[in-house]
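Participant: Curious how this folds, go ahead:
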Amino acid sequence: MPHMIKPLALSLAAAFAIGAAPSALAQGKDFKVALIAGKTGALETYARETETGFMLGLEYLTGGTMAINGRKIKVIVKDDQSKPDLGRTLLAEAYGDDRVDIAVGTTSSGSALAMLPVAKEYKKVLIIEPAVADAITGDKWNKYIFRTARSSMQDALAAASTLKGGSIGFLTQDYAFGRDAIKAGKEALSATGSKARVVHEEYAPMTTTDFTASSQRLFDALKDKPQPRILQIVWAGPNPMNKIADLKPERHGIILSPGGNILPVMKTWKNFAGTQGTIYYYYDFPKNKMNDWFVSEHTKRFKAPPDMFTAGGMAAAGAVVAALSKVGDGNGDKMVAAMEGMSFESPKGTMTFRKEDHQAIQPMYHFKIKKDQKNEWDLLELVREIPASEMPLPVRNKR
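Facilitator: This next block holds a predicted model:
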């Protein structure tokens, strides 16, 4: 994108020289927002959903005008390919060359972590969506970082709230996301007072397609332990639940427990009616005006309901609109002051940025896979909404 052109800079300087008020000068100037996402690579589905949800959110919240207080919102989309070095470079480009007022990103936690120091260097706000690594609002955090996405710990606390006892074996991917998730899972069990005990952790390579050996180790660890015996699957991308089910864990009294996933993956779970888990968002669960519009419009335009990452994109749009409505320019320090403790609209209802670490505090959902599915997207039954008050999320940023 081009640099800000000199004639505009000169005209602004001239206007200040004759005493024009800064707020008046801002009136005709577009708001610029960078959206950075991993649109190429393993997480491209998540990135595509985030972008769709973000644009729908801006449309809804501006009544179709794509403007705030008469000023147009210009969205600059950049593909970091889920590569940390590229994410860092693109964010610097957005702040420095494109002169964006605020940025949103990104899909991969690795890339998101690489972007955090750039926000601090430029003193500009970065809203993290949908990356979940706890370190983002933990030891790698700085004051310019806000997150609308849920964290690994919020996922873990939601899951732990449904586990009162028994034995748990974890299966996840052997990289930052998986290890972060299992660490959070064990801590969450303790934080919620669950009597469930973790008996095995299995870390499989990201490219694994044969789960026989991993499953056997989990089965051996669980089969003689106190019931319920739960095999908790925490997996990004195509979920291995069907392959593990083919190995008949029920022979050992083992129950599969998946984390919520995107709709195309959950469509393949029809044989697991009654199986329970927790999820960040499922289109039929929240009951509010924004979600009603979201589901209706997304279904009309894309012939399918919105997914969990689409909802995340819309939540990020809610935060952007609320922030830009409060602060009429990209001054990061003013924006931080306005956003700490700020509430904003999302498809899940009102979210609030916690002042201490800028994590969006939000509910989660306990689901059961439906037995009688009326159509291809009628997948989950709500057991209950888990309120944020029941998830004791620790503050870890050493502020």
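Participant: what about the strands in the stretch 201-350 of the chain?
Facilitator: For the stretch 201-350 of the chain, the strands defined by DSSP state E, counting those that start in this stretch occupy 229-234, 254-258, 276-279, 343-344.
Participant: quick one: which of the ones you listed is nearest Trp377?
Facilitator: Closest to Trp377 of the strands of the stretch 201-350 of the chain, according to CB to CB: strand 276-279, at 14.1 Å. For every residue, glycine as well, the C-beta is placed using N, CA and C.
Participant: in terms of contact count, name the helices or strands touching the closest one.
Facilitator: Packing partners of strand 276-279 (3 or more CB pairs under 8 Å, 6 or more residues apart in numbering; DSSP states H and E): helix 152-160, strand 254-258, strand 364-369, strand 380-386.
Participant: what's the angle from the last one to helix 152-160?
Facilitator: Using axes from the mean of the first three to the mean of the last three CA atoms, to 10 degrees, the direction of strand 380-386 lies 110 degrees away from that of helix 152-160.
Participant: Make JSON lines from the strands of the stretch 201-350 of the chain and add mean pLDDT and mean neighbour count to it.
Facilitator: As requested, the strands of the stretch 201-350 of the chain are exported to JSON lines (pLDDT from 0 to 100; neighbours: other CB atoms under 10 Å):
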{"stretch": "strand 229-234", "mean pLDDT": "93", "mean neighbour count": "23"}
{"stretch": "strand 254-258", "mean pLDDT": "90", "mean neighbour count": "22"}
{"stretch": "strand 276-279", "mean pLDDT": "93", "mean neighbour count": "23"}
{"stretch": "strand 343-344", "mean pLDDT": "98", "mean neighbour count": "18"}
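Participant: doesn't Pro392 make contact with Ala158?
Facilitator: No: counting by CB atoms under 8 Å, Ala158 stays clear of Pro392, with 11.7 Å between them.
Participant: Those two: who's more crowded?
Facilitator: The neighbour comparison of Ala158 against Pro392 (other CB atoms under 10 Å) goes to Ala158, with 26 against 12.
Participant: wait, what's in contact with the more buried one?
Facilitator: Neighbour list for Ala158: Thr278, Met364, Tyr365, His366, Ile386, Met391 [criterion: CB atoms under 8 Å, 6 or more residues apart in numbering].
Participant: Isn't Pro226 up against Ser167?
Facilitator: Yes: with contact defined as CB under 8 Å, Pro226 counts as touching Ser167 (5.5 Å).
Participant: which residues do those two both contact?
Facilitator: With CB under 8 Å, 6+ apart, Pro226 and Ser167 have common neighbours Arg197.
Participant: which one of these two has more residues nearby?
Facilitator: Ser167 (21 against 13).
Participant: Now Ala388. Nearest residue, chain neighbours left out?
Facilitator: Distance criterion CB to CB, 6 or more residues apart in numbering; nearest residue to Ala388, sequence neighbours excluded, is Ile361 at 4.7 Å.
Participant: That neighbour and Leu58, how far apart?
Facilitator: Distance from Ile361 to Leu58, counting by CB to CB, to the nearest Å: 23 Å.
Participant: ok so Ile127 is a helix residue?
Facilitator: No: according to DSSP: H, G, I helix; E, B strand; the rest coil, Ile127 belongs to no helix; its state is strand.
Participant: Now that we're looking at it, what pLDDT does it have?
Facilitator: What the model reports for Ile127 is a pLDDT of 99.
Participant: Ile168 too?
Facilitator: For Ile168, pLDDT reads 96.
Participant: Tell me how many other residues surround it.
Facilitator: When neighbours are counted by other CB under 10 Å, Ile168 registers 26.
Participant: repeat for Thr65
Facilitator: 12.
Participant: most packed of the helices and strands packed on strand 276-279?
Facilitator: Ranked by mean neighbour count under mean count of other CB atoms under 10 Å, these are led by helix 152-160, which reaches a mean of 27.
Participant: ok and it relative to strand 229-234, angle-wise?
Facilitator: Using the same axes, to 10 degrees: helix 152-160 against strand 229-234 is 150 degrees.
Participant: quick one: average pLDDT of helix 152-160?
Facilitator: 93.
Participant: That one relative to strand 254-258, how many degrees between them?
Facilitator: Using the same axes, to 10 degrees: helix 152-160 against strand 254-258 is 140 degrees.
Participant: so how far is helix 152-160 off the chain centroid?
Facilitator: Centroid separation between helix 152-160 and its chain, computed with CA atoms, centre = their mean, to the nearest Å, is 13 Å.
Participant: And for stretch 73-89?
Facilitator: Counting by CA atoms, centre = their mean, stretch 73-89 comes out at 16 Å from the chain centroid.
Participant: Sort out which residues of it are buried, please.
Facilitator: Neighbour-count burial for stretch 73-89 flags 73, 75-84, 86-89 (criterion: 16 or more other CB atoms under 10 Å).
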